[in-house]
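Novice: structure for this input, please:
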Amino acid sequence: MTEYGKVIGTEQNYAVVRVARREECAKCGMCGMKKNAANVDFKATNDIGAKEGDSVVISAEKNTVLLSSLLVFLAPLLLLAAEIGICYALNAEEVFILLLCVGTLALWFIILALVDKRISKIRGFCPTIVKIIKNEEKGEVKDEQTD
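Specialist: Okay, here's the model as predicted:
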């Protein structure tokens, strides 16, 4: 995933990058963008020294995006399916199954929120600023790093 955005703040070796909503993102909700929001803010690793106000390119590894999708969407579904199967095998009441499923989902997302704080510190899991855009002209993205 590669996105263009603007740095709105920096802290140590991280930057907060504001990315405008694209048409493709309107129905996904993966990044947590609210329905009527025009943009979303990402915390990104800032190894190239982008400063507040810089236009930048941020990138997240494909495997990271896939793993995040699995943790947020697929894992809870599999967890609920297993839970429902076990409860029906034990002849549990439907009301009990419903309450158990709601509780399990709540617990799952609380665990994800706690784990997210630790995972975001692992290199490769946090989006990274890969380029600073020097010219505002489309197509002219220049790398700020010196090799």
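
Novice: quickly find the element holding Ile111.
Specialist: helix 94-119 (DSSP states H and E).

Novice: that helix: which residues count as buried?
Specialist: Of the residues in helix 94-119, Ile97, Leu100, Cys101, Trp108, Ile119 count as buried by neighbour count, 16 or more other C-beta atoms under 10 Å. All C-beta spots, glycine's among them, are computed from the backbone N, C-alpha and C.

Novice: can I get the residues you listed in TSV with pLDDT and distance to Val19?
Specialist: Below are the buried residues of helix 94-119 laid out as TSV (pLDDT from 0 to 100; distance: C-beta to C-beta, whole Å):
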residue	pLDDT	distance to Val19
Ile97	91	40
Leu100	93	38
Cys101	93	34
Trp108	91	27
Ile119	69	20
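
Novice: ok, so of those, who is nearest Asn39?
Specialist: Ile119 (23.7 Å; C-beta to C-beta).

Novice: a markdown table please, covering the buried residues of helix 94-119 and showing distance to Arg22.
Specialist: Shown next, in a markdown table, are the buried residues of helix 94-119 (distance: C-beta to C-beta, whole Å):
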| residue | distance to Arg22 |
| --- | --- |
| Ile97 | 40 |
| Leu100 | 39 |
| Cys101 | 34 |
| Trp108 | 29 |
| Ile119 | 25 |
